[in-house]
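In: got a sequence here, can you build the structure:
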Amino acid sequence: MISMIATIIRLPKEDYEYYKEYARSKGWSTAELFRKAATKMVKRGKVDKKISIWDLGTKWVIKNGPTDGSINHDRDIYEFEENKIKKQWGIK
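Out: As a prediction, the model looks like this:
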């Protein structure tokens, strides 16, 4: 048995009616029509690799930032937010 996942797409009503009628004329359900169209349009296994999550360290290097960010990230985030709020309200 093939595992299926449900998804929702939004279409203009006129387009939906056209696709529904087209699928009916072929003897397909609208879901089958969209699966066939997606399969035809996107070939599995041939995904363009634009950027990999594993390349992030080599793609972007932040200079002059905190060197202990992985350890004290909460401190850095909350200090920044606190200072932003103080500046917004004119508090010193």
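In: what helix or strand is Lys86 on?
Out: For Lys86, the element it lies in under DSSP states H and E is helix 73-89.
In: may I have that helix as CSV, with CA atoms only?
Out: Taking C-alpha atoms only, helix 73-89 is exported to CSV below (Å, rounded to 0.1, in the frame of the first residue of the first chain):
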residue,chain,number,x,y,z
HIS,A,73,22.8,33.0,22.4
ASP,A,74,19.9,33.6,24.9
ARG,A,75,22.0,36.4,26.5
ASP,A,76,22.8,38.0,23.1
ILE,A,77,19.2,37.8,21.9
TYR,A,78,17.6,39.1,25.0
GLU,A,79,20.1,41.9,25.6
PHE,A,80,19.5,43.1,22.0
GLU,A,81,15.7,43.0,22.5
GLU,A,82,16.0,44.7,25.9
ASN,A,83,18.2,47.5,24.5
LYS,A,84,15.9,48.0,21.5
ILE,A,85,12.9,48.4,23.8
LYS,A,86,14.8,50.8,26.1
LYS,A,87,15.8,52.9,23.1
GLN,A,88,12.2,52.9,21.8
TRP,A,89,10.8,54.1,25.1
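In: from the chain's centroid, how far away is the helix or strand that contains Glu17?
Out: Element membership of Glu17 [criterion: DSSP H and E] is helix 13-26. With C-alpha atoms, centre = their mean, to the nearest Å as the basis, helix 13-26 stands 28 Å off its chain's centre.
In: just name the shakiest helix or strand of the protein by mean pLDDT.
Out: Lowest by mean pLDDT, DSSP states H and E among the helices and strands of the chain is helix 56-59, with a mean of 54.
In: low-confidence ranges, this structure, go.
Out: Scanning the chain for pLDDT under 70 picks out 44-63, 65-66, 69.
In: what lies in contact with whatever helix or strand comes next after the helix holding Glu17?
Out: Remark: after helix 13-26, the chain's next helix or strand is helix 30-41, criterion DSSP H and E. By C-beta atoms under 8 Å, 6 or more residues apart in numbering, the residues outside helix 30-41 that reach it are 9, 16, 19-20, 22-23, 26, 28. C-beta here means a position set from N, CA and C on the backbone, and glycine is covered the same way.
In: nothing else from me, thank you.
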